[in-house]
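1. Structural data only, the sequence is not supplied:
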């Protein structure tokens, strides 16, 4: 239920939810929850092992002698049957979902429907320049990220992907994209800032995008601490370093994640790095902590 709510909130940034004639939300539990085992086995009996194992992901696993689990093989069947129940006539997907939606065409034809048309979109490498964008790899820019995070994450992109991201993730017209080829080659930093601003603009508006560009320039280009950092109220002057950082993040980061930040040299107080999370600190009102490249907070003693 939580994931569904979060997914819909993000989808509202792109799709119109204000007109039931344009959009409806369906859950495949509507049909799978009440499906008898015998009916499900009939679905399985229509598909051969050879058809399923031909999926490129499975072929790669076989080559690497890696395991393939049964629930992974059944997944395309579940997704394919969704297309039949919904009487889908068109589906728009990332190219990595093509096999699953072809299974949808298969079931539609076998069960007497016209097969759906499939449109695939480009799958771009993530911010590491290697694997596709993934939450588990933390190499992505998410719809749910704040404008500041969208801008900052985009600035981590390798230079050779700037033009591709401009093409795929912004509303920059094609004529302008051609002009930007030279900028990407001659001044990739400015090109990346332009890309980050365009991505923020697309989801949060022009004014927010300009503000984030100014914040980034002020913070990183001018090497200054931002003026709008949040305060963290602390009741005791003598505390462990880890406890201070945890007070800021709350339950957003685990203790093991925070310890890694210390070990990586990502935590500092008043521009002095703190490597040991168990270090006892004597705090002063107004101390400025920085965590990573984009997080600051100020201590307020109470």
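-> Received the coordinates, thanks. Fair warning: this is a prediction, and the values are worked out from it, not measured in the lab.
2. buried sites along stretch 131-143?
-> By 16 or more other CB atoms under 10 Å, the buried positions in stretch 131-143 come out as 133, 139-141. Glycine gets a C-beta too; all of them are placed from N, C-alpha and C.
3. just stretch 62-76 next, same as before
-> Neighbour-count burial for stretch 62-76, counted by 16+ other CB under 10 Å, picks out 73, 75-76.
4. and what of stretch 242-250?
-> Within stretch 242-250, the residues that count as buried by 16+ other CB under 10 Å are 242, 244-246, 248-249.
5. Determine the number of other residues adjacent to residue 130.
-> Using other CB atoms under 10 Å, residue 130 has 10 neighbouring residues.
6. contacting residues for it?
-> The contact partners of residue 130, by CB atoms under 8 Å, 6 or more residues apart in numbering, come to residue 139.
7. sec struct for it, please.
-> With DSSP: H, G, I helix; E, B strand; the rest coil as the basis, residue 130 sits in coil.
8. And the strand or helix carrying residue 192, what's buried?
-> Taking DSSP states H and E as the criterion, residue 192 maps to helix 188-204. For helix 188-204, a neighbour-count test (16+ other CB under 10 Å) marks 188, 191-202, 204 as buried.
9. With stretch 280-287 instead?
-> 281, 283, 287.
10. for the helix holding residue 192, packing partners?
-> helix 147-154, helix 162-169, helix 174-186, helix 206-216 (3 or more CB pairs under 8 Å, 6 or more residues apart in numbering; DSSP states H and E).
11. any idea how far the nearest residue to residue 81 once chain neighbours are set aside is from residue 57?
-> Of all residues not flanking residue 81 in the chain, residue 107 sits nearest, at 5.5 Å (CB to CB, 6 or more residues apart in numbering). According to CB to CB, to the nearest Å, residue 107 and residue 57 sit 20 Å apart.
12. So for those two, which residue has more residues nearby?
-> Per other CB under 10 Å, whichever of residue 107 and residue 57 has more neighbours is residue 107, with 21 against 10.
13. ok, the more buried one - contacts?
-> Residue 107 makes contact with 43, 46, 80-81, 83-84 under the criterion CB under 8 Å, 6+ apart.
14. picking that back up, can you put the buried residues of stretch 131-143 in CSV and add pLDDT, secondary structure and distance to residue 162?
-> What follows is these, written out as CSV (pLDDT from 0 to 100; DSSP: H, G, I helix; E, B strand; the rest coil; distance: CB to CB, whole Å):
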residue, pLDDT, secondary structure, distance to residue 162
133, 89, coil, 15
139, 89, coil, 16
140, 92, coil, 16
141, 93, coil, 13
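15. Residue 155: which of those is nearest?
-> residue 141 (10.3 Å; CB to CB).
16. The closest one reaches residue 133, doesn't it?
-> Yes - with contact defined as CB atoms under 8 Å, residue 141 reaches residue 133; the gap is 7.4 Å.
17. Which neighbours do these two have in common?
-> With CB under 8 Å, 6+ apart, residue 141 and residue 133 have common neighbours residue 127.
18. and residue 275, how many residues sit next to it?
-> For residue 275, the neighbour count with other CB under 10 Å is 13.
19. Pull out the buried residues from stretch 204-219.
-> For stretch 204-219, burial by neighbour count (16+ other CB under 10 Å) applies to 204, 208-209, 211-213, 215-216, 219.
20. so how far is that stretch off the chain centroid?
-> Distance of stretch 204-219 from the chain centroid (CA atoms, centre = their mean, to the nearest Å) equals 21 Å.
21. Kindly report the same for stretch 180-192.
-> Its chain's C-alpha centre and that of stretch 180-192 lie 24 Å apart, by CA atoms, centre = their mean.
22. Need the residues that contact that stretch.
-> 154-155, 157, 159, 162-163, 166, 172, 194.
23. Can you tell me which of the residues you listed lies closest to residue 299?
-> Closest approach to residue 299 among those (CB to CB): residue 155, at 27.5 Å.
24. Now do that closest one, the pLDDT please.
-> We have a pLDDT of 90 for residue 155.
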